[in-house]
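K.L.:
please find the sequence and the predicted model below.
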Amino acid sequence: MVFVKLREGEAVEEALRRFKRECERNGILREIKRREHYVSPSVKRKLKAAEARRKMRRARRRRPVA
């Protein structure tokens, strides 16, 4: 849980900016987006495999040919 106390003489907008920064730092928005829709285990596996294939392709492309 993220808490931001309003400092002495601080504008509400500045406190809101600090709150948003803390939420981003703690990964709260990322977690909310991840939980927004249910993804079945089989779909998770397919996505993970596709990501691994993409990473391998990128790594092969970047590797200098000797």
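P.N.:
Okay, I see it. Numbers count the residues shown, from 1 in each chain.
K.L.:
what's the average pLDDT for the host helix or strand of residue 42?
P.N.:
Here residue 42 sits within helix 41-62, counting by DSSP states H and E. For helix 41-62, mean pLDDT is 94.
K.L.:
show residues contacting it.
P.N.:
Residues outside helix 41-62 that contact it (Cβ atoms under 8 Å, 6 or more residues apart in numbering): residue 39. Where you see a C-beta, it was placed from the backbone N, CA and C, and this is true even at glycine.
K.L.:
in that helix, which residues are buried?
P.N.:
Buried residues in helix 41-62, defined by neighbour count with 16 or more other Cβ atoms under 10 Å: none.
K.L.:
I'd like the average pLDDT over stretch 25-34.
P.N.:
The pLDDT scores in stretch 25-34 average 91.
K.L.:
what about it, distance to the chain center?
P.N.:
6 Å (Cα atoms, centre = their mean, to the nearest Å).
K.L.:
could you export that stretch as PDB, CA atoms only?
P.N.:
Extracted in PDB, the C-alpha atoms of stretch 25-34 (Å, rounded to 0.1, in the frame of the first residue of the first chain):
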ATOM      1  CA  ARG A  25       8.000   2.400  -8.600                       C
ATOM      2  CA  ASN A  26       6.100  -0.300  -6.700                       C
ATOM      3  CA  GLY A  27       4.600  -1.800 -10.000                       C
ATOM      4  CA  ILE A  28       1.000  -1.300  -8.900                       C
ATOM      5  CA  LEU A  29      -0.300  -0.200 -12.300                       C
ATOM      6  CA  ARG A  30       1.500  -3.100 -14.000                       C
ATOM      7  CA  GLU A  31      -0.100  -5.500 -11.600                       C
ATOM      8  CA  ILE A  32      -3.500  -4.000 -12.200                       C
ATOM      9  CA  LYS A  33      -3.200  -4.400 -15.900                       C
ATOM     10  CA  ARG A  34      -1.900  -8.000 -15.500                       C
END
